[in-house]
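Enquirer: sequence? don't have it. structure:
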């Protein structure tokens with residue numbers, strides 16, 4: 001199962017991840033690393049959540 005994000009949704013999510021790291025972690029996170037983290041959640045965590053919601 002593939003989850004597709006629009007360019008705007010992806011940009012918003014990356015900005016949100018960067019804001020979270022800035023506010024809650026000792027180090028900030030750059031755009032590339034935030035994008036990679038987003039990819040992980042979309043590819044690994046997202047499908048599991050969708051499957052669970054369909055039960």
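Expert: Done, it's in. All of these numbers come straight from a predicted model, not from anything done at the bench. Numbering: from 1, shown residues only.
Enquirer: count of residues packed around residue 3?
Expert: Neighbour count of residue 3, defined by other CB atoms under 10 Å: 12. C-betas here are computed from N, CA, C, even on glycine.
Enquirer: ok, it to residue 24 distance?
Expert: Distance, residue 3 to residue 24, using CB to CB, to the nearest Å: 25 Å.
Enquirer: what's the answer for residue 41, then?
Expert: Look at residue 41 and residue 24: by CB to CB, they are 16 Å apart.
Enquirer: so, low pLDDT: which residues of the protein?
Expert: Along the chain, segments meeting pLDDT under 70 span 1, 47-55.
Enquirer: neighbour count: residue 41 and residue 24, which is higher?
Expert: Relative neighbour count places residue 41 above the other of residue 41 and residue 24, with 13 against 7, counting by other CB under 10 Å.
Enquirer: contacting residues around residue 37?
Expert: Applying CB atoms under 8 Å, 6 or more residues apart in numbering, we find residue 37 in contact with 17, 29.
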